[in-house]
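Novice: Requesting a structural model of the entry that follows:
(2 chains)
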Amino acid sequence: MSVPVSPAFTLVLEVTLGLLTLSLGLVFVRLVRGPTAPDRVMALDMMGGLTIGMTAVYSVYTHEPHLLRVAAGIALISFLGTVAVARYLERTRGR
Amino acid sequence: MSTWIAGALLLAGGAFMVVAALGVVRLPDLFCRMQAAAKTGTAGAGLLLLGTAVYFEDMQVATRALSVVAFLFLTAPVAAHLLARAGYSLGVPLFETRTDELRERFGRGAQVPGGTPSLDAPARPPPLEVKEPPARPDT
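Specialist: Numbering: from 1, shown residues only, chains lettered A, B, ... in the order given. Below you'll find the predicted structure:
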């Protein structure tokens, strides 16, 4: 865990985290604005993917490989949630 | 050396994610947006996890990261398919669609030529194979 990290690599990680935060904000716009319910569900699914990516970058940033388990958990829960809401929307036809 | 490969992969993943988010915000209808979210988003997350796997230079960590990538690649199309199916059968407006071959099977609301159907189109025919039980079966 005592890996010497160059400041340039830290900068790369910070830029990547910034890009992911920007994407999170953009997707949040769609979550708030999205005219129909499937739009919002899709935005939430995308936010799940973005959170997985942020967790991966953060595990590099802090030299903590155990954070990848969090990414696996988020992947599972995000998929299950999307499938459940999609089935619900199709069954009830939006009512 | 592997640090810089990892950095390049992470930056590429971040760029993919920004493109996917731009697509989610800017594309005209649900199905176009879903394409951006499902394909570009999965590629971005895969690149980020791949960069993590390269950075740690550890077989255990790499296996864990790559198993998450495999899971994402298996489940993202399934989730997108289910959601697109739900959206279509709900009658989400389509963007400038000339030919809609699913319409006879799925039964959307009346579609004016050259226009897009509204969400509250009246007189929607019954849906295809979703068998709605009259009461809850066994609860």
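Novice: In this structure residue A:15 contacts residue B:11, no?
Specialist: Yes. In this structure, residue A:15 is within contact of residue B:11 by Cβ atoms under 8 Å, at 6.9 Å. Quick note: C-beta positions are derived from backbone N, CA and C, even for glycine.
Novice: These two: which has the busier surroundings?
Specialist: residue B:11 (18 against 15; other Cβ atoms under 10 Å in any protein chain shown).
Novice: show me what contacts that one?
Specialist: Contact analysis of residue B:11 by Cβ atoms under 8 Å, 6 or more residues apart in numbering or on different chains lists A:12, A:15, A:16, A:19.
Novice: Near the first one, how many other residues are there?
Specialist: By the measure other Cβ under 10 Å, the count of residues near residue A:12 is 22.
Novice: pLDDT (mean, whole number) over the longest helix along chain B?
Specialist: Using DSSP state H, we find that the single longest helix of chain B is helix B:59-90. Computed over helix B:59-90, the mean pLDDT rounds to 92.
Novice: Check stretch A:5-22 too.
Specialist: 92.
Novice: cool, and stretch A:45-58?
Specialist: 94.
Novice: what residue ranges in chain B are flagged as low confidence?
Specialist: B:104-139 (pLDDT under 70).
Novice: That one: helices as residue ranges?
Specialist: B:2-26, B:30-35, B:41-56, B:59-90, B:103-106.
Novice: Quick one: classify the closest residue to residue A:43 other than its chain neighbours as helix, strand or coil.
Specialist: Distances taken as Cβ to Cβ, 6 or more residues apart in numbering or on different chains place residue A:31 nearest to residue A:43, at 3.9 Å, with adjacent residues excluded. Here residue A:31 takes the helix state, with states given by DSSP: H, G, I helix; E, B strand; the rest coil.
Novice: Next, count neighbours for residue A:31.
Specialist: Counted with other Cβ under 10 Å, residue A:31 comes out at 17.
Novice: Roughly how far does it sit from residue A:86?
Specialist: Going from residue A:31 to residue A:86 by Cβ to Cβ, to the nearest Å gives 16 Å.
Novice: Just put the contacts of residue B:11 in a markdown table and tack on distance to chain B.
Specialist: Shown next, in a markdown table, are the contacts of residue B:11 (distance: Cβ to the nearest Cβ, whole Å):
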| residue | distance to chain B |
| --- | --- |
| A:12 | 4 |
| A:15 | 7 |
| A:16 | 4 |
| A:19 | 4 |
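Novice: Save the residues you listed as CSV, and put in secondary structure too.
Specialist: CSV is the format used below for the contacts of residue B:11 (three-state DSSP):
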residue, secondary structure
A:12, helix
A:15, helix
A:16, helix
A:19, helix
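Novice: which one of those residues sits closest to residue A:73?
Specialist: residue A:16 (21.5 Å; Cβ to Cβ).
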